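Chemist: Build me a structure from this.
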Amino acid sequence: MDSGDGLKSSSNMVVPDLQTFLEIDPYIENFTGDIKRRYEMFSKTKARIEAAETMEKFSQSYKNFGVKGKPDGSVHCKEWVPGAKAVYLRGAFNNWERWGYSYEKKEFGKWELVLPPKDDGSSMIEHLSELMLIIQTHDDQYLERISPWATYVKQFDNHGTYKWIFWNPPQSELYHFKNQRPKKPKSLRIYEAHVGIASSEPKVASYKNFTDTVLPRIKKLGYNCVQLMAIMEHAYYASFGYQVTNFFAASSRYGTPTELQELIDTAHGMGLYVLLDVVHSHACKNVLDGLNMFNGTDSCFFHSGSRGVHSQWDSRLFNYSEWEVLRFLISNLRWYMEEYKFDGFRFDGVTSMIYHDHAISRGFSGDYHEYFGLQMDMESLVYLILANDMIKTFLPDAITIAEDVSGMPGMCRPVSEGGIGFDYRLAMAIPDQWIKILKEARDEDWDMDHIFHTLTNRRHGELCIAYAESHDQALVGDKSLAFWLMDKEMYTHMSECTHLTPIIDRGISLHKMIRLITHGLGGEGYLNFIGNEFGHPEWLDFPRAGNSSSYHYARRQFHLVDDNLLRYKFLYKFDSAMQNTEETYGWLAAKQAYVSRKHNGDKVFVFERAGVLFLFNFHHSQSFTGYRVGVQNPGKYKIVLDSDDSEYGGHNRNDKSVRFFTEEMAFDGREHSMLVYLPCRSAMIMAKDDTD
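Modeler: Below you'll find the predicted structure:
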């Protein structure tokens, strides 16, 4: 059968649960040829790995590659350097003698070296000593390189290239995890964080600081998952962690590998899942401390020529068809799962990976021909399927999230159905919508139908992570939601010692409402970027030449929320109440909401999810008394969360002691209804009150 795009069906390939995918999304029926073809490529690749090495060993290649200290004091070294004439190891251990220790050439571009222990049984290479590879290329150049498998690299004096540091602590200094992985959350509430900016002080904050001061905040707020950005080592701090140079090295600018292990172990002890923001979509172009030109050619880990360069990101693109590249990337995931106990991954740049044109300068209409055919990078897709399959094989409760803006069908369906195997995708249209509305529309012109469409426009059967604003919007050149709402008045009127201005009142009100409606209607998980929960002012700007290397904006000003005289506390308390209310009622884990009312004139939203009733009045001035709303389940209702509560900076216009009783009157497509008071610019959640 033709796929509809000229790709012949792999008629003999059986996708075990394809029928389930077809029942969920009948539109893919014309493209089953493409689905079978990529599943066949995945199956063959996996079978080759199992036959040659087994996935267990293949995914743990980090145990053998690089420079590894052994219990008997010996050091085993192994590298993949195709086309090299010779490979040497030098460092402080041999007084930097250039040709002292030569690797032995093996098959398929592999090179190996074993350094015996010293007479006293200790290692020839001391823990924390500096190392370097010397590679003699095919044309007799001698290159100084860091092993791609290096687990610790460090920049001295905060400038210059990174140096490869041998990480091999003695047994007495190894970190021993104390806590089991927590139970997988049913409702995923993610706190996205960057360790380096997680302090009020203008400096690079540490793993230790995050463990001691930020994790308790996250737990108290009611989040159940931490997503850590910028962990994989990146030479350029201002890249936000997205120009990775050393894939197996946790960033040393925040501390040691042991301190990151302690951070994750502590999070587990608090019941928090921990996800790694993993960057396998591209790599930094650095040569001396990166993967680029590792063996003196522009290929090796990457495609050669233009296919190996991302024109917008100015970075290198992996060759996912190369056996050793698959080993490197698959092992990289397993390394973070095993060595650091990460509970899953958020995969960056998935859209760029899966299309040959990287989706540069084009949008997606939703036409299924955009997702299948020759424009798809099948090698990248097969890698992602292989990665998800490996992750779920060895860590069944792992969570994987795709950063995909294209809306590709099957991205979040199981591999056995012919899907790519992710658990969630980011609902990236939602934060763009809110910023666009705040930039371009007056409050009275907000289009409730458009808001509804954006918040609910997701593929049936594929889970989404909703978020009101992204970390990119916090960067210099853009603004956070709070700053778009309140702008310069945040500098002068966030103190309760000053009068409440209309701008601050509006800003606080809408900040809460936008986040709550996104939380309730936008997906099956929720994400917040560090600091945005309390309306962090200004923007995020990392130290760079353009700002005189200042750290002033490369921080999160937690002292603002800790100051009881400042109104930031209201947003912070509301965010906590919102997370904890979700923990009680579990709407993120429930089916998609039933929206009974979206009224453009009244600016009112009413919807039900997980048995609770959400009510929003976005009108800038009109409050509604005796407003009838439909509800499916009869009974007595109470307010369980009210954005207008004075505890959250509101005006206390609803009496929380009042109970609302349904009537046998169908309304807005629901079997029952009741009368409520909806103050302007406020939102409520009501739940049944079963007390007598």
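
Chemist: Next, Gly407: secondary structure please.
Modeler: coil (DSSP: H, G, I helix; E, B strand; the rest coil).

Chemist: correct me, but it touches Asp367?
Modeler: No: counting by CB atoms under 8 Å, Asp367 is not a contact partner of Gly407; they are 10.7 Å apart. C-beta coordinates here come from the backbone N, C-alpha and C atoms, glycine included.

Chemist: which intervals of the protein have sub-threshold pLDDT?
Modeler: 1-11, 476-477 (pLDDT under 70).

Chemist: Tell me who's in contact with the residue at the greatest distance from the centre of it.
Modeler: The C-alpha centroid of the chain is most remote from Asp119, which lies 48.1 Å away (CA atoms, centre = their mean). Applying CB atoms under 8 Å, 6 or more residues apart in numbering to Asp119 gives no contacts.

Chemist: for the stretch 551-692 of the chain, what spans make up the helices?
Modeler: 558-562, 568-585 (DSSP state H, counting those that start in this stretch).

Chemist: so how many other residues sit close to the residue nearest to Gly69 when sequence neighbours are not counted?
Modeler: Using CB to CB, 6 or more residues apart in numbering and skipping residues adjacent in sequence, the residue nearest Gly69 is Asn168, 3.7 Å away. Applying other CB atoms under 10 Å, we find 20 other residues in the vicinity of Asn168.

Chemist: Tell me how far Trp335 lies from Leu128.
Modeler: Note on Trp335: its distance to Leu128, by CB to CB, to the nearest Å, is 20 Å.

Chemist: Please say which of those two ends up with more neighbours.
Modeler: Neighbours per residue (other CB under 10 Å) separate Trp335 from Leu128, with Trp335 holding more: 21 against 14.

Chemist: Quick one: residues contacting the more buried one.
Modeler: Contacts for Trp335 (CB under 8 Å, 6+ apart) come out as 62, 248.

Chemist: does it count as helix, strand or coil?
Modeler: Assigned state for Trp335: helix (three-state reduction, three-state DSSP).

Chemist: I'd like the numbering to begin with 49 instead of 1 from here.
Modeler: In the new count, where the first residue is 49, that last one comes out as Trp383.

Chemist: Please enumerate the helices of the stretch 149-298 of the chain.
Modeler: 255-257, 263-269.

Chemist: Which elements pack onto the shortest one?
Modeler: By that I understand helix 255-257. helix 305-317 (3 or more CB pairs under 8 Å, 6 or more residues apart in numbering; DSSP states H and E).

Chemist: Can you name the element that comes right after the helix it packs on?
Modeler: Counting by DSSP states H and E, the next helix or strand C-terminal to helix 305-317 is strand 321-326.

Chemist: Can you give the distance of that next one from its chain's centre?
Modeler: Averaged C-alpha coordinates place strand 321-326 at 7 Å from its chain's average position (CA atoms, centre = their mean, to the nearest Å).

Chemist: Equivalent analysis for stretch 271-283, please.
Modeler: Centroid separation for stretch 271-283 versus its chain: 8 Å, with CA atoms, centre = their mean.

Chemist: can you pull the buried residues of that stretch?
Modeler: Neighbour counts using 16 or more other CB atoms under 10 Å place 271-283 of stretch 271-283 among the buried residues.

Chemist: pretty sure the residue nearest to Gly117 is in contact with His175, am I right?
Modeler: Yes: at 4.9 Å, Asn216 counts as touching His175 under the criterion of CB under 8 Å.

Chemist: Contacts only, for the residue lying closest to Val262 once chain neighbours are set aside.
Modeler: Distances taken as CB to CB, 6+ apart put Ala246 closest to Val262, at 4.9 Å, once the chain neighbours are dropped. Going by CB under 8 Å, 6+ apart, Ala246 touches 253, 257-258, 261-262, 578, 604.

Chemist: Next, work out how far apart Ala246 and Ser254 are.
Modeler: 9 Å.

Chemist: got it, and Val162?
Modeler: 36 Å.

Chemist: So between these two, which is more surrounded?
Modeler: Neighbour count, other CB under 10 Å: between Val162 and Ser254, Ser254 has more, with 19 against 13.

Chemist: mind checking how far the more buried one is from Lys211?
Modeler: From Ser254 to Lys211 the distance is 20 Å (CB to CB).

Chemist: just to revisit the earlier point, looking at the helices of the stretch 149-298 of the chain, which is nearest to Tyr620?
Modeler: Ranking the helices of the stretch 149-298 of the chain by distance to Tyr620, with CB to CB as the measure, places helix 263-269 first at 7.8 Å.

Chemist: And that closest one, what's buried?
Modeler: Those would be 263, 265-267, 269, for helix 263-269 by 16+ other CB under 10 Å.

Chemist: Likewise for stretch 473-491?
Modeler: Here stretch 473-491 shows 473-479, 481-483, 485-486, 491 as buried, counting by 16+ other CB under 10 Å.

Chemist: Was I right to think Tyr431 contacts Leu374?
Modeler: Yes: with contact defined as CB under 8 Å, Tyr431 counts as touching Leu374 (6.6 Å).

Chemist: Neighbour count for Gly455 and Asp415, which is higher?
Modeler: Gly455 (21 against 8).

Chemist: where's the closest residue to the more buried one other than its chain neighbours, which helix or strand?
Modeler: Nearest non-adjacent residue to Gly455, counting by CB to CB, 6+ apart: Phe412, 5.9 Å away. Using DSSP H and E, Phe412 maps to neither a helix nor a strand.

Chemist: gap between Phe412 and Arg85?
Modeler: 21 Å.

Chemist: out of the two, which sits in the busier spot?
Modeler: Using other CB under 10 Å as the criterion, Phe412 and Arg85 rank with Arg85 on top: 23 against 15.

Chemist: Counting by contacts, list what the helix or strand hosting the more buried one packs against.
Modeler: Assessed by DSSP H and E, Arg85 sits inside helix 80-100. Secondary-structure packing of helix 80-100 (3+ CB pairs under 8 Å, 6+ apart): helix 66-72, helix 103-106, helix 426-442.
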